[in-house]
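Structure, please.
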Amino acid sequence: MAAAVSGDPSAREEAGRRLQEMGEVAVPALIEAKGRSNPLEVRKWAIAVLEAMNKKVPGEAVTTKDGALLAEVLRAYGKTRDLDALGAVFAFANSDRTPIREASREAIAEYGDAALPKLRETYTNLKSAPPPETWSTAELERELFRLMDHVRLRDLYTLFDEALAKAKAEPEAAVSQLDQVFARAPSFERRGEAVPIYVQYAQALESSDPARALDYYRKAERLAPGGSERDRISSAITWLEAHQLAGRGLVDRAALTRAIELDPENAHAKADLARLDEEAQSRARRLRWFVASAAAVIALATAALLFLRRAKRQA
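Numbering: from 1, shown residues only. I've put the predicted structure just below:
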C-alpha cells in the first residue's frame, strides 16, 4: 500500500497492475484499503483497482467460487462498515456453508448499530412481525440468527422431534435419526434433549456390544452441557473402558476408583471394585493358608529329622 500513497504515479500504476495479476485473492485487502479510515488517495486508488478488476460493487466482489475467499470478502466489508455492502453481507447470513455463514454474521456484528434498520427489516420479513422496540442491536442479532437457523434447519427440527417420539419404542431408529441431525448441525440448539436417548441406548448395549456402547456414551458426553449429568456419563465411560480391560486380564483399579468419584451411584464400578477387593482378600487368605501350611510342613519335617538323629545316637 506504500505505493498507493507514493507521489510517483508510475509506482501506483505498477502496484495496481500487480494486484490485478493476483486476481480476486487481492479483493479483501483492496476492500479494506478503500475503507474510510484510510487516506483519500489510498481509497481512490483501491476503488480504481477494484473497478479495473470488475469488483468495485459488492455484488461483484462477493461473486466467487472460492468459499474461503468469500468469507474474507465479507469480513473485509464488516471491518470497513461499508453500508453499500450491507445487503450483500446479509445475503449470506443464513448460508448452508458454515464458514461463510459465520463470516457474514461476524461482519454484521462489526457494523454495530448501523445495521439496526436492516436487522429489523430482515427479522420482520422472517417472523411476519416486527421485533420488540426494547431489544438492543446485540439482542436483535442473536434472535434473528436463531430464527434464521430454525428456518434453515426446519427439516432437522422435524427429524429431531420424530427421534424423540420414537426413542422408547424404536431406540435404534431414534439414535440413527439423531446422528443425521448432528452430522449436519453439530451445534444444534436442542442437542441437550438427545443426551438421555444416547445414554439409554448405550446402557442397552453394554453387555452385547461394549465398543458401540462406548461410542454412544461419548456422543452423549460431547452433547451434555456439563455438571453432574456429564460427570455421570464420564463415569460410565471410565467404568466400561476398565471393564473391557478386565476382560483381557488387565486390571485398572484407578479407573474404577475414578468412575466412582465421578458418580458415587455407579453400581457397575462399585460392584467391580468390590469384586477386586474380594479377590484380593481371597488371594491373601490363600497366601496365609499356604504360608501356614508350609510352616507346618517345615516344622514337622524338622521334628522328624531331629527324631531320626536322636534315634541314631541312641542306637
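
hang on, isn't V251 packed against L276?
Yes. In terms of Cβ atoms under 8 Å, V251 counts as a neighbour of L276; the distance is 6.6 Å. For the C-beta atoms, the positions are set from N, CA and C on the backbone; glycine is no exception.

Against I233, how distant is N125?
According to Cβ to Cβ, to the nearest Å, N125 stands 42 Å off from I233.

again with R309
Using Cβ to Cβ, which is the criterion applied here, R309 is 72 Å from I233.

Those two: which is more packed in?
The neighbour count for R309 versus I233, taken as other Cβ atoms under 10 Å, is higher for I233 (24 against 10).

from what I can see the more buried one touches Y217, true?
Yes. Applying Cβ under 8 Å, one finds I233 in contact with Y217, separated by 5.9 Å.

Look at K55 and tell me its secondary structure.
When the structure is reduced to helix, strand and coil (DSSP: H, G, I helix; E, B strand; the rest coil), K55 reads as coil.

so what's the residue nearest to it when sequence neighbours are not counted up against?
Excluding the flanking residues, the one nearest K55 by Cβ to Cβ, 6 or more residues apart in numbering is A61, at 4.7 Å. Contacts for A61 were tallied using Cβ atoms under 8 Å, 6 or more residues apart in numbering; they are 27, 31, 50, 55, 73, 77, 85, 88.

what about the first one, how many neighbours?
Around V27 there are 24 other residues, counting by other Cβ under 10 Å.

ok, back up a step: T257: which of the contacts of A61 is nearest?
T257 lies nearest to V73 out of the contacts of A61, by Cβ to Cβ, at 54.8 Å.

Report whether the expected contact of the closest one with L30 is present.
No. V73 is beyond contact range of L30, at 9.9 Å (criterion: Cβ under 8 Å).

With neighbour numbers in mind, choose between these two.
The residue with more neighbours, out of V73 and L30, is V73; 29 against 26, by other Cβ under 10 Å.

tell me which residues in the one helix or strand the more buried one maps to are buried?
Applying DSSP states H and E as the criterion places V73 in helix 67-80. For helix 67-80, the buried set under the neighbour-count rule, 16 or more other Cβ atoms under 10 Å, comprises 69-80.

Can you tell me which of the residues you listed comes closest to A267?
Compare each of the buried residues of helix 67-80 with A267 using Cβ to Cβ and the shortest gap goes to A71, at 50.0 Å.

if I look at that closest one, how far off is I260?
Note on A71: its distance to I260, by Cβ to Cβ, is 47 Å.

Same question for V73.
Per Cβ to Cβ, V73 is found 54 Å from I260.

so what are the domain limits for this structure?
Taking automatic domain parsing as the domain assignment, the record places the domains of the chain at 2-108, 154-265.

of all those domains, which lies closest to P130?
Comparison of the domains of the chain against P130 by Cβ to Cβ identifies domain 2-108 as nearest, at 17.1 Å.

so how far is A165 from the closest residue in space to E221 that isn't next to it in sequence?
What sits nearest to E221 in space, not counting adjacent residues and going by Cβ to Cβ, 6+ apart, is I233, at 4.7 Å. For I233, the distance to A165 under the criterion Cβ to Cβ works out to 23 Å.

Could you tell me how many residues sit around F90?
Summarising burial for F90: neighbours were counted as other Cβ under 10 Å, giving 21.

Hmm, it is touching S104, no?
Yes. F90 is within contact range of S104, at 7.2 Å (criterion: Cβ under 8 Å).

what's the helix or strand for V42?
Under the assignment here (DSSP H and E), V42 is part of helix 40-52.

Give the other helices and strands that that helix contacts.
If contacts are counted by 3 or more Cβ pairs under 8 Å, 6 or more residues apart in numbering; DSSP states H and E, helix 40-52 sits against helix 2-5, helix 9-22, helix 27-33.

Let me see the confidence value for S6.
Each residue has a pLDDT score; the one for S6 is 52.
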